[in-house]
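**Student:** With the sequence up front, the predicted model follows.
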Amino acid sequence: EPGMRRPAHTTALGKVMLAQLPEAEWKRLYPERALTMQTPNTIGDREKLFQQLRQIRQQGFALDDQESVVGFRCVAAPIYNIVGDTIASVSCSMPLHQWEQKAADTKREIVDLAKRLSGLN
């Protein structure tokens, strides 16, 4: 639903934004080892989340595999300002039955769109 709020660690958009923060900030934001669960697929351990955030930094996009809403997957990529700071992210969510057919193209298109919006292409 438009305007709905979810914990950042449960969404691809949120994970992209978190990944761009210093690791010390992750520890401040997530002082407890156990995290709020939204679905059975939500990452519930902060160390696993931190590991995933490091991977997101390297690959340039984040995935939400039914971590926020059961039956949906999402991909998100960061949008940077002129000095390279992450200022936003762009994403695409879809039902699982569509994801299976469109995953590779959707990932590529979201990453390319984020680069264009950042002025990198």
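**Tutor:** Perfect, I can see it now.
**Student:** C-alpha from now on. contacts and neighbour counts both.
**Tutor:** Will do.
**Student:** Buried residues in the helix or strand that contains L49, which are they?
**Tutor:** If you go by DSSP states H and E, L49 is part of helix 46-59. Neighbour-count burial for helix 46-59 flags 46, 49-50, 52-53, 56-57 (criterion: 16 or more other CA atoms under 10 Å).
**Student:** Tabulate those residues (a markdown table), appending distance to W99 and pLDDT.
**Tutor:** Output for the buried residues of helix 46-59, formatted as a markdown table (distance: CA to CA, whole Å; pLDDT from 0 to 100):
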| residue | distance to W99 | pLDDT |
| --- | --- | --- |
| R46 | 27 | 93 |
| L49 | 23 | 96 |
| F50 | 25 | 97 |
| Q52 | 21 | 97 |
| L53 | 22 | 97 |
| I56 | 19 | 97 |
| R57 | 23 | 94 |
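**Student:** Taking these together, which two end up most distant?
**Tutor:** Spanning the widest gap among these are R46 and R57, at 16.5 Å by CA to CA.
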